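Have a look; sequence and predicted model below, questions after that.
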Amino acid sequence: MDAFTIGLALALFLGRKINFTITTVDSVPVQLNLSGAIIPVIMSTILFLAMPSNTYLALLIATITSTFLAYELSKVTRKGIVLPVHTYCLVTFIIVFAIVDYLKLFDYLSHILFISSTYGTLIGADLLKLKKAKIVAAKTGKQVTIGGAGTVDAIIVSALVAISYATLVSNLLG
């Protein structure tokens, strides 16, 4: 493993407890988590900027699909937003694989999976459920953390699973 990968893994692990307050709504602090929102968005943006324009349609479809899936599967609880990661990862992989297969973009499978999983989780599980999360947070005296609590794990795990699935498929297909 190279120094960048080790540094990134360390930053993701240590950043789980680092939150930045971006606003306060109805006396409920709204925060961004370093590991669950900021680092994955930066990584996704870097990957996106490196991709050719012929991948944008696949990426758009995959992200919309992942967002819908994360929204439907996630639940707002007293502990935060919970997303069943294994189901989300598997279904997202199957859908993205079908898109990539249809459009013949196998070289970008891991990129599309990583970006769509990251944005799909953040948008579908966090941003689209922000209003409900604020209501629960106000009742429990907690803050709302975008990319925090259960979604940190969902984002990191879905990204790692996406890369693992893509590697496995690449090795199987030769």
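Nice, thanks for sending it over.

now stretch 102-116: mean pLDDT?
Here stretch 102-116 scores 90 as its mean pLDDT.

what do you get for stretch 122-140?
For stretch 122-140, mean pLDDT rounds to 87.

Need phi/psi at the nearest residue to A37 once chain neighbours are set aside.
Using CB to CB, 6 or more residues apart in numbering and skipping the chain neighbours, the partner closest in space to A37 is G147 (2.9 Å). From N, CA and C alone the C-beta is placed, and that goes for glycine too. Torsion angles at G147 (phi, psi; degrees, to the nearest 10) stand at phi 80, psi 10.

Hmm, Y119 and G147 touching each other?
No: G147 is beyond contact range of Y119, at 11.4 Å (criterion: CB atoms under 8 Å).

So which of the two has more stuff around it?
Regarding G147 and Y119, a neighbour count based on other CB atoms under 10 Å identifies G147 as having more, with 29 against 24.

how close does the more buried one get to I81?
To I81, G147 is 10 Å away according to CB to CB, to the nearest Å.

again with A11
A11 sits 22 Å away from I81, going by CB to CB.

swap in I94?
For I94, the distance to I81 (CB to CB) stands at 23 Å.

Looking at the two, which is more packed in?
Counted by other CB under 10 Å, I94 and I81 do not tie: I81 has more neighbours, with 27 against 11.

Look through this structure and tell me its longest helix.
Longest helix of the chain, by residue count under DSSP state H: helix 150-173.

ok now it, how far from the chain's centre?
Computed by CA atoms, centre = their mean, to the nearest Å, the chain-centroid distance of helix 150-173 equals 11 Å.

contacts for it?
The contact list for helix 150-173 (CB atoms under 8 Å, 6 or more residues apart in numbering) reads 12, 16, 33, 35-37, 40, 43, 70, 74, 79-83, 85, 88-89, 92-93, 96-97, 106, 109-110, 113-114, 117-118, 121-122, 125-126, 147.

Roughly how far does L73 sit from A137?
Distance from L73 to A137, counting by CB to CB: 21 Å.

In terms of neighbours, single out the busier of these two.
Counted by other CB under 10 Å, L73 and A137 do not tie: A137 has more neighbours, with 23 against 19.

which ones are touching the spatially most central residue of the chain?
For the chain, T118 is the residue whose C-alpha lies nearest the centre (CA atoms, centre = their mean; 2.3 Å). Residues in contact with T118 (CB under 8 Å, 6+ apart) are 40-41, 43-44, 155, 158-159.

following the helix or strand where it lies, which helix or strand comes up?
Following DSSP states H and E, one finds T118 within helix 109-120. With elements assigned by DSSP H and E, the helix or strand that comes after helix 109-120 is helix 130-140.
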